[in-house]
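Participant: What follows is a protein structure lacking sequence information:
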DNA sequence: CCGAACGATGCAATCGATTACACGCCGCCA
DNA sequence: TGGCGGCGTGTAATCGATTGCATCGTTCGG
């Protein structure tokens, strides 16, 4: 008895309203082209039947999916997931769905992405990861099927893509200057992962600030790094072995900063008593560790929102401007509890030490 | 000159291989039904033309989208994003895409979800949030269009849905017992948010452990809570005002535990010196705060993987078993640095104090 | 030697919406 | 009054893949 009622189609609506399907379609997509009365009859019919347009049919005909693909290296990392949050919200507000592709560079990346596009499941790509294969990407975006693409957070060197990112270099400079202003003279740096663009940008910002203040950088102070806590903790091990230790560290991101601080503690050093630390990102976490972390805040929500918005603009206006656009958002210095004046020297620096204060 | 080459269709492949489109389709979806040679010619043709099936067309015809919708309250929260990670991986491995709907309960939830289904964009729903409107959900899943649905992590009381979750009650019991075994007798609890199922389950587990050990619970020790760090910090304020303070706290999740510890510190109390704390979840963060947090690990990756797998099973075998299935994963006790023996009493407890050790 | 059965393939309908084109009607202007 | 230009609507083609049914050989059992 209980017949499975089929989901209503545009045909049902048309029949109910006594018009053709063409008219129903028009009434829904460009209401001004349909007379007042018909429009009323149709919206009544839609209401009664409970009609929802079938997206597959629409996609097939119009060759659009109203969906964007967000490719990221690690959703599990809250740095990215906060961005994803903003992206999803912006996309939803413009009627777009968000498909996620996680662990992007590792898998068959290029292939899977190509599939998504060629199979018409997505209209554009938001790339939150600079470490992808440029070749494949170009193949995808270049002729004969140029694809709307925006790279956010990172940047692919020498690649002609639109980007949205923060002012990494300048932010690193400010972070370092903050330490200098507190009176630190020997300031070290925990680098980002090798091969990442951001690593270079932040390190250079750090170097510029040091140079501007007339401070030299001892090579030992550049600790090999990465973006994970473990790496920061390991850096602490190296750090305590340095003969004439810096009194402050600028870490390339919050995770390594937090790992570093926890490593310091294991070795009996206190932050900020013995060593001041500045991070980068301002993860939610940063405010809640102890001591709360001084850091450069990346406006991640804004970044996600802007990137998603720009991508959808790109999709909808088919004008893929030839010259790539670069949007730069500014970071904000957040001073909390991990930075303080340097400890008073307990003994004069040994004369053989390499570091210099000019 | 530069003609825009169209993306290849099944027609192109058929032409190239000198067969009909039907044969191409069969060669791709059920190779055993096509002769060896034809299959070879076709795969060659696919290779040459660079053909990828158009998903919209396929969806339209087969009424499936090969996509699942994951609804969650907050992607930005790493608790969820780690699950999402696993979900995405499992789904991808089975050829499914993952659409995300964030801040789920707040928005037009029911509506948006209905749209996703009715418009044939998704085949099933993975709900990581128990606080949704049951009515709307039933409307969606009930006849005439039953929809594959799995609720993970939480559970909707009295709703006939399949669920995948951890053994919250038992886990809470074990966490509490751990404190008891260390010698604590006055043990408090920071509750989860009001109205959340998990809040009750964890609180009851705590109560059971106390009762089993013959310990009474003073109402004051039940701190109003929530799942955010702020809440934990606030609880610390209440905590220090208690006349005869507990020597240990079982917090309903890691965030509130961490916030609580940081609040303790502000009030001059040490963890675990003065107060031991156990959390719940084992966020990545938990291992990296100071002191590293003792907690009950929820197997989040497994949970995501299993939930996604079960959902896809549900989608593919159309057998929506009438009786809802409940999968329970077991948690794991992770002992780190926030729990220790209770401090030696500095003075005999005042005789008027309310707490009791029987 | 005949017909059944089976394997391989083609034909054409189908999924549901969009849209180019055509048509009828009305009003306006010459 | 005839022609023209909108406006509102309908007809039917179209998007690309899947699939029920028909067809054509071949093989094999009786």
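Facilitator: That came through fine. Model, not experiment: these values are computed from the prediction. Numbers count the residues shown, from 1 in each chain, chains lettered A, B, ... in the order given.
Participant: Surely residue A:163 forms part of a strand?
Facilitator: Yes - assigned with DSSP: H, G, I helix; E, B strand; the rest coil, residue A:163 falls within a strand.
Participant: what's near enough to touch it?
Facilitator: A:150-152, A:155, A:324-327 (C-beta atoms under 8 Å, 6 or more residues apart in numbering or on different chains). (Glycine included, C-beta is placed from N, CA and C.)
Participant: what's the neighbour count on the residue in the stretch 151-300 of chain A positioned nearest to DNA strand D?
Facilitator: Going by C-beta to the nearest atom of the strand, DNA strand D is nearest to residue A:161 of the stretch 151-300 of chain A, at 26.6 Å. Using other C-beta atoms under 10 Å in any protein chain shown, the number of residues around residue A:161 comes to 18.
Participant: So it versus residue A:113, what's the distance?
Facilitator: Per C-beta to C-beta, to the nearest Å, residue A:161 is found 14 Å from residue A:113.
Participant: least trustworthy helix or strand in chain A by mean pLDDT?
Facilitator: Taking mean pLDDT, DSSP states H and E as the measure, the helix or strand of chain A with the lowest value is helix A:134-141, at a mean of 68.
Participant: I'd like to know how far the nearest residue to residue A:112 once chain neighbours are set aside sits from DNA strand C.
Facilitator: Leaving aside its chain neighbours, residue A:112 sits nearest to residue A:101 (6.5 Å; criterion: C-beta to C-beta, 6 or more residues apart in numbering or on different chains). Noted for residue A:101: a distance of 27 Å to DNA strand C, by C-beta to the nearest atom of the strand, to the nearest Å.
Participant: For residue A:101, grab the count of nearby residues.
Facilitator: Using other C-beta under 10 Å, residue A:101 has 23 neighbouring residues.
Participant: Wait, a strand at residue A:188?
Facilitator: Yes - according to three-state DSSP, residue A:188 belongs to a strand.
Participant: need the contact list for residue A:264.
Facilitator: Contacts of residue A:264 by C-beta under 8 Å, 6+ apart are A:236, A:239-240, A:270-271, A:274-275.
Participant: Kindly recompute the last result at 10 Å.
Facilitator: Counting by C-beta atoms under 10 Å, 6 or more residues apart in numbering or on different chains, residue A:264 touches A:232-233, A:235-237, A:239-240, A:249, A:270-271, A:273-275, A:277.
Participant: Just the buried residues from these, in ChimeraX please.
Facilitator: The following ChimeraX line selects those of those that are buried, judged by 16 or more other C-beta atoms under 10 Å in any protein chain shown:
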select /A:232,233,235,236,239,249,271,275,277
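Participant: pLDDT of the strand or helix carrying residue A:309, averaged?
Facilitator: Assigned by DSSP states H and E, residue A:309 belongs to helix A:300-316. Mean pLDDT, helix A:300-316: 94.
Participant: that older thread, which ones among the contacts of residue A:163 lie within strands?
Facilitator: Members of the contacts of residue A:163 lying in strands (criterion: DSSP state E): A:150-152, A:326-327.
Participant: burial of residue A:208, as a residue count?
Facilitator: 16.
Participant: quick one: it from chain B, how far?
Facilitator: 31 Å (C-beta to the nearest C-beta, to the nearest Å).
Participant: what's near enough to touch that residue?
Facilitator: By C-beta under 10 Å, 6+ apart, the contact set of residue A:208 is A:169-170, A:172-173, A:176-177.
Participant: could you measure it against residue A:197, distance?
Facilitator: Residue A:208 sits 17 Å away from residue A:197, going by C-beta to C-beta.
Participant: repeat for residue A:265
Facilitator: Relative to residue A:197, and taking C-beta to C-beta, residue A:265 is found at 32 Å.
Participant: and what of residue A:58?
Facilitator: Computed as C-beta to C-beta, the residue A:58 to residue A:197 distance reads 39 Å.
Participant: same deal with residue A:116?
Facilitator: On the measure of C-beta to C-beta, residue A:116 and residue A:197 end up 25 Å apart.
Participant: what ranges do the strands span in the stretch 151-300 of chain A?
Facilitator: A:162-166, A:187-190, A:222-223, A:248-251, A:276-281, A:294-297 (DSSP state E, counting those that start in this stretch).
Participant: Walk me through the domains of chain A.
Facilitator: A:10-53, A:62-166+A:300-330, A:168-297 (automatic domain parsing).
Participant: Return the most buried member of these.
Facilitator: domain A:168-297 (a mean of 21; mean count of other C-beta atoms under 10 Å in any protein chain shown).
Participant: just checking, residue A:308 touches residue A:69?
Facilitator: No - in this structure, residue A:308 is not within contact of residue A:69 by C-beta atoms under 10 Å, at 11.6 Å.
Participant: where does residue A:113 land in three-state SS?
Facilitator: helix.
Participant: Show the model's pLDDT score for residue A:320.
Facilitator: Residue A:320 is given a pLDDT of 53.
Participant: For the stretch 251-358 of chain A, what lies in contact range of chain B?
Facilitator: Residues of the stretch 251-358 of chain A lying near chain B by C-beta under 10 Å from any C-beta of the partner chain: A:255, A:258-259, A:261-262, A:265-266, A:283-285, A:287-292, A:300-301, A:304.
Participant: Which members of the residues you listed are positioned in helices?
Facilitator: Residues of those located in helices (DSSP state H): A:255, A:258-259, A:261-262, A:265-266, A:300-301, A:304.
Participant: contacting residues for the residue of the stretch 151-300 of chain A found nearest DNA strand C?
Facilitator: Ranked by C-beta to the nearest atom of the strand, the top residue of the stretch 151-300 of chain A for proximity to DNA strand C is residue A:162, at 26.1 Å. Applying C-beta under 10 Å, 6+ apart, we find residue A:162 in contact with A:148-152, A:307, A:310-311, A:314, A:320-321, A:323-327.
Participant: try residue A:148
Facilitator: Residues near residue A:148 by C-beta under 10 Å, 6+ apart: A:68, A:117, A:122-126, A:141, A:162, A:310-318, A:320.
Participant: same check, this time on residue A:112
Facilitator: So residue A:112 contacts A:69, A:71, A:101, A:104, B:92, B:97 (C-beta under 10 Å, 6+ apart).
Participant: wait, the last one sits on residue B:66?
Facilitator: Yes - at 6.4 Å, residue B:97 counts as touching residue B:66 under the criterion of C-beta under 10 Å.
Participant: what touches both of the two?
Facilitator: Common neighbours of residue B:97 and residue B:66, counting by C-beta under 10 Å, 6+ apart, are A:119, A:121, B:55, B:91, B:122.
Participant: Kindly indicate which of the residues you listed lies nearest residue A:44.
Facilitator: residue B:122 (28.3 Å; C-beta to C-beta).
Participant: ok, that closest one to residue B:73 distance?
Facilitator: Using C-beta to C-beta, we find residue B:122 at a distance of 19 Å from residue B:73.
Participant: Quick check: residues of chain A near DNA strand D?
Facilitator: Neighbours of DNA strand D within chain A, by C-beta under 7 Å from any atom of the strand: A:18-23, A:26, A:33-35, A:37-38, A:57, A:60-61, A:63.
Participant: Give the next helix or strand downstream of the helix or strand where residue A:61 lies.
Facilitator: Using DSSP H and E, residue A:61 maps to helix A:55-62. The helix or strand immediately downstream of helix A:55-62 is strand A:67-71, counting by DSSP H and E.
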